[in-house]
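Participant: Provided below are the primary sequence and the corresponding predicted coordinates.
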Amino acid sequence: MAFELPNLPYAHDALEPHIDARTMEIHHGKHHAGYTSKLNAAIEGTSMEGQSIEDICKNVGDNAAVRNNGGGYYNHCLFWEVMSPNGGGTPSGDLGDAINATFGSFDGFKDAFAKAAATRFGSGWAWLCVKDGGLEVCSTANQDNPLMSGVGCEGHPIL
């Protein structure tokens, strides 16, 4: 079964003024669509065809086409899901408690996340991951993600 470009869970203009509609159209309709089609082409006829994107990322090895496009596909799927036109604010419940325990406060988390993003040389991603029962902020280069081994950032990404 081939991967498909997921629909956005909101309208292209729903995140304005933070992200404008044209940026969303390009990023979703061109970039993410490109990762999707190139991932499908890279895994067609291989043992990876039919695997989940998480399993592909965990076992990608040194296949550059799958690593770049599989990572781009997974990263963008999560990216669209964690943003919301009605989101924002200080987390509560278990997540809020875990953030406070790990970073001292939500502001402490925001500082750590911003630093991970700002100190990544070139392009890449900042992440909030669940690791060993706790939280960790880290970053990866290009389209790598914490599911991939050897990227210096491991865990299950939640942001």
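Facilitator: Good, I have the coordinates.
Participant: Packing partners of whichever strand or helix holds residue 70?
Facilitator: For residue 70, the host element (DSSP states H and E) is helix 64-82. For helix 64-82, the elements it packs on are helix 33-43, helix 53-58, judged by 3 or more Cβ pairs under 8 Å, 6 or more residues apart in numbering; DSSP states H and E. Where C-beta positions appear, they are placed from N, C-alpha and C, glycine not excepted.
Participant: run the last query once more with 10 Å
Facilitator: With contacts taken as 3 or more Cβ pairs under 10 Å, 6 or more residues apart in numbering; DSSP states H and E, helix 64-82 sits against helix 33-43, helix 53-58, strand 124-131, strand 134-141, strand 156-157.
Participant: In CSV, list these along with mean pLDDT.
Facilitator: Putting those into CSV (pLDDT from 0 to 100) gives the following:
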stretch, mean pLDDT
helix 33-43, 98
helix 53-58, 97
strand 124-131, 97
strand 134-141, 97
strand 156-157, 96
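Participant: For residue 18, which of the ones you listed is the nearest?
Facilitator: strand 124-131 (16.5 Å; Cβ to Cβ).
Participant: and the closest one, what other elements does it pack with?
Facilitator: Looks like strand 124-131 contacts helix 64-82, helix 93-103, helix 106-118, strand 134-141, strand 156-157 (3+ Cβ pairs under 10 Å, 6+ apart).
Participant: What residues sit buried inside the longest one?
Facilitator: What that stands for is helix 64-82. Of the residues in helix 64-82, those buried under the neighbour-count criterion (16 or more other Cβ atoms under 10 Å) are 66-77, 80.
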